[in-house]
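Participant: I'll drop the sequence and a predicted model, then ask my questions.
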Amino acid sequence: MTCTVTAANPDTDIRWIWIKTDSPSNVLHTRSTYTIPNIQRERSGTYSCRADNSIGVSSPATIQVDVQYGPAMVMFFPDVMTINKTENQTLFPVHCAAVCNPKCTYRWTGVATVNSGMLDLGVLKRTERGNYTCTASNSISSSSRTISVYVNYPPTVEVFQDSGNTTYEESSPFSITCKVDSYPFSDLNIMNVDTGEEKASDGPLVSLTYRESSAKCYHTANYSCYSTNSYGSTSSSLQQIFILLVIQ
């Protein structure tokens, strides 16, 4: 920044005073050209230059310095990285903000897309579980931060069926698969309902398969899948398996 004198008498031995107007007692420079070699955002503001000679002091000339920068950080209010709620509870809005100049625009992306700094999912549905990323952008650059939303709900059996048939010849293989929608994932059990025998058990899982490599007549039975997590439990409808004796 260069300050010049339009008229002065005497015009020699002129002294210069550069200040930042918010710190008038701090003289920054005493020559006509004031250089800031590595300007930072905190140097934004109004600067003034005055000149004096043996007769007096000039009125100040001012210049406004605007230091622009991309979003330095993305903050959440409240400051959360993980949200754990139960289905049908209300998720209070999460606000996204950043320090930037010029002013930032905001965009949430994830299961839902929101073109503002506020993520408000309202009453939570299980389909809204997932990661949400807030991106703050201006003409300089962009910056992002992600939160995870966990929606808890009891299990629902989506699939409980055999590999394609309900009737098998003796000594042939068969299998029954149980698939469950739940969060957290469920402990799964496939039971022979007629005998009360547990045929397969594991968890936490989203699916479980009971397999027999060589069917026997005593495998003829009704089977059911049971699933349990910390929010509830359920059982499937019965699946009947028939094993045919082959007489040679």
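Facilitator: Thanks, I have it. Numbers count the residues shown, from 1 in each chain.

Participant: For the rest of this, base every contact and every neighbour count on C-alpha atoms.
Facilitator: Noted.

Participant: Who does the top strand by length along the chain pair with, and is each partner parallel or antiparallel?
Facilitator: In the chain, assigned by DSSP state E, the strand with the most residues is strand 142-162. Paired neighbours of strand 142-162 in the sheet (DSSP bridges): strand 82-86 (parallel), strand 130-137 (antiparallel), strand 174-183 (antiparallel).

Participant: Kindly reformat these as TSV containing mean pLDDT.
Facilitator: Listed next are the strands paired with strand 142-162 as TSV, based on pLDDT from 0 to 100:
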stretch	mean pLDDT
strand 82-86	94
strand 130-137	96
strand 174-183	94
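
Participant: how about those strands, which one is nearest R107?
Facilitator: Each of these has some distance to R107 by C-alpha to C-alpha; the shortest is strand 130-137, at 5.4 Å.

Participant: and the strand or helix carrying A51, what other elements does it pack with?
Facilitator: Per DSSP states H and E, A51 falls inside strand 45-52. The contact analysis (3 or more C-alpha pairs under 8 Å, 6 or more residues apart in numbering; DSSP states H and E) places strand 45-52 against strand 15-20, strand 61-65.

Participant: I would like the residues contacting that strand, please.
Facilitator: 3, 5, 14-22, 57-66 (C-alpha atoms under 8 Å, 6 or more residues apart in numbering).

Participant: Quick check: mean pLDDT of that strand?
Facilitator: The average pLDDT for strand 45-52 rounds to 96.

Participant: before we move on, what about stretch 190-205?
Facilitator: 95.
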